[in-house]
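*Asks:* structure for this input, please:
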Amino acid sequence: MKSILESPKLLLILLVAVSLITINPRINGWNEASRMALTQSLVEHHTFVIDESVFVSGGDKVFINGHFYSDKPALPSMLAAIIYAPLHAIGLRLDYGWNLSYYFILLFTMKALWIASILAFRKVLTYTPVRVSKIPLLLIVYAFSSLTFTWSVSFNNHSLAASSLMIAFMFYLQAKNSLKNTPLFWSGLFFGFAAAADIPTGVFLVGFAVLIFLHNKSVLGNLMFWVAALLPIISHLVINYTINDSILPVQIFPEYFTYDGSPWDENSLLSGIGANSPLFTVKYALNCLFGVRGFLWYNPLLFIFTGLLYQNVREKREFQHESFVIIIAILVLMGYYFIFSSNFGGDSFSIRWFVPCLPFFFFYSYDVEKVMRSDRAKIGIYSLVFLSTIIALIGAINPWSNHFAHPIPLIANLKQLAGFLF
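*Replies:* Take a look at the predicted model:
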């Protein structure tokens with residue numbers, strides 16, 4: 001296994017093999033249905049209107065000027081449409097249930113970017129002081145021991161953003177260490193795509209743009225970064241304007257969710273509409289991190305990596321400036337959801353909104369030997385790795401955990417697996 005992980009080609013083959021058997025090729029709820037409704041409409045009807053899609057009956061949609069539209073950012077669905085177009089041309093069609101078209105869409109979007117992010121992480125580690133002999137193990141941990149693996153099995157913007165952020169970070173470090181400007185273009189493009197796919201992740205784009213401005217004196221380099229970043233962002237804004245005559249996302253217009261049979265009302269609007277009270281915000285934040293879906297419980301290695309991230313800033317280590325930006329960006333992203341949401345992300349395995357932060361936490365695995373100075377510490381960390389991997393695998397059964405099966409996602413997924421097997 002170690003020799004396989006040390007070879008980029010063999011590593012790629014291994015990841016492709018794993019990807020082929022770790023895909024959930026069926027629509028599991030409104031979120032996926034909404035995204036595939038847009039994908040289907042783009043390919044089959046050449047429009048953003050989803051009235052004729054088989055998935056139009058789902059609840060994640062808006063009603064504008066007499067037509068239904070997906071309420072999700074459009075770029076991920078447009079990426080899926082690139083894959084679906086040739087599949088539809090040969091007679092395959094998106095639909096509910098186990099679906100071959102959906103399988104290939106997942107393989108060539110979610111899984112392809114997940115694989116690319118792991119290869120990017122491998123490159124990132126070469127810019128750290130980690131021992132080369134430790135890289136294979138760190139690759140396994142990064143690939144399979146967090147919810148980034150869980151969410152790569154279904155179509156969602158959080159996994160796309162997480163993968164894109166790691167790829168963007170790799171190009172950022174490449175530019176930093178080579179003093180070349182071309183990697184900044186690709187870094188900006190992937191930071192921009194993450195922001196367009198999962199809007200709150202734009203804080204990482206802004207943070208690293210500031211670092212580049214301060215440390216890279218090349219006007220051309222800064223220009224290339226922003227031109228590339230703005231390509232997906234401007235596309236996102238133009239699509240918004242095409243749909244509702246505003247560059248603002250449709251999710252913030254409550255009136256668009258008012259239609260016959262709408263599951264939404266003034267007491268159950270989507271996240272982001274209004275701010276919570278200070279007391280509720282504190283309680284809600286604690287539940288998001290430590291409750292029955294607590295993000296820290298579902299990613300137990302964060303108890304280690306968060307400390308390493310903080311130490312990197314406090315001790316002015318090799319990535320002090322990057323670590324400071326990462327901390328601020330994570331706090332802003334999580335703080336946004338603490339203040340403006342209240343439903344824990346709906347039906348999901350832990351808090352799906354925080355998944356894009358995971359690649360940056362796991363980056364600090366390169367420094368884990370600092371806390372492995374005794375046999376007891378090694379056993380503890382290896383136990384956390386094992387536990388994290390098991391949790392991620394259980395999550396992959398269904399990232400959109402059904403709360404009707406059980407309010408605790410871990411138990412809900414195990415019950416679903418048992419029902420499928422027996």
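*Asks:* Leu220 is in contact with Lys180, isn't it?
*Replies:* No: between Leu220 and Lys180 there is no contact under CB atoms under 8 Å: 10.7 Å. No exception for glycine: its C-beta is placed from N, CA and C like everyone else's.
*Asks:* check which element follows the lowest-mean-pLDDT helix or strand in the chain along the chain.
*Replies:* One helix or strand of the chain scores below all others by mean pLDDT, DSSP states H and E: helix 2-6, with a mean of 59. Downstream of helix 2-6, the next assigned helix or strand under DSSP states H and E is helix 8-21.
*Asks:* how about the secondary structure of Phe63?
*Replies:* strand (DSSP: H, G, I helix; E, B strand; the rest coil).
*Asks:* report the buried residues of the lengthiest helix in the chain.
*Replies:* The single longest helix within the chain, with elements called by DSSP state H, is helix 219-244. By 16 or more other CB atoms under 10 Å, the buried positions in helix 219-244 come out as 221-222, 224-226, 228-233, 235-237, 239-240, 243-244.
*Asks:* could you do stretch 159-179 as well?
*Replies:* 159-176.
*Asks:* from those residues, which land in strands?
*Replies:* Among the buried residues of stretch 159-179, DSSP state E puts none in strands.
*Asks:* neighbours of Val132, how many?
*Replies:* 9 (other CB atoms under 10 Å).
*Asks:* from Leu139, how far out is it?
*Replies:* Taking CB to CB, to the nearest Å as the measure, Val132 falls 12 Å from Leu139.
*Asks:* show me what the host helix or strand of Gly188 packs onto, helices and strands only.
*Replies:* Per DSSP H and E, Gly188 falls inside helix 182-197. Judged by 3 or more CB pairs under 8 Å, 6 or more residues apart in numbering; DSSP states H and E, helix 182-197 is in contact with helix 74-89, helix 157-178, helix 202-215, helix 219-244.
*Asks:* columns distance to Phe386 and mean pLDDT on top of those, output as JSON lines?
*Replies:* JSON lines is the format used below for those (distance: least, CB to CB, whole Å; pLDDT from 0 to 100):
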{"stretch": "helix 74-89", "distance to Phe386": "32", "mean pLDDT": "97"}
{"stretch": "helix 157-178", "distance to Phe386": "22", "mean pLDDT": "96"}
{"stretch": "helix 202-215", "distance to Phe386": "30", "mean pLDDT": "96"}
{"stretch": "helix 219-244", "distance to Phe386": "38", "mean pLDDT": "95"}
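*Asks:* so which of those helices is nearest Val355?
*Replies:* Val355 lies closest to helix 157-178 among the helices and strands packed on helix 182-197, at 4.2 Å (CB to CB).
*Asks:* what's the burial count for the closest residue to Arg93 other than its chain neighbours?
*Replies:* Leaving aside its sequence neighbours, Arg93 sits nearest to Ser101 (CB to CB, 6 or more residues apart in numbering; 6.3 Å). Other residues lying near Ser101 total 22 when counted by other CB under 10 Å.
*Asks:* can I assume Ser101 sits in a helix?
*Replies:* Yes: under three-state DSSP, Ser101 sits within a helix.
*Asks:* how confident is the prediction for it, by pLDDT?
*Replies:* As predicted, Ser101 sits at a pLDDT of 97.
*Asks:* that one: what's it in contact with?
*Replies:* Tyr84, Leu87, His88, Leu92, Arg93, Leu94, Asp95 (CB atoms under 8 Å, 6 or more residues apart in numbering).
*Asks:* by neighbour count, which of these wins?
*Replies:* In terms of neighbours by other CB under 10 Å, these top out with Tyr84 at 26 neighbours.
*Asks:* from Tyr102, how far out is that one?
*Replies:* From Tyr84 over to Tyr102 (counting by CB to CB), the distance is 9 Å.
*Asks:* now Ile115
*Replies:* For Ile115, the distance to Tyr102 - CB to CB - is 18 Å.
*Asks:* and the two? which has more neighbours close in?
*Replies:* Tyr102 (28 against 21).
*Asks:* which ones are touching that one?
*Replies:* Contacts of Tyr102 by CB under 8 Å, 6+ apart are Pro25, Arg26, Ile27, Met36, Leu94, Phe155.
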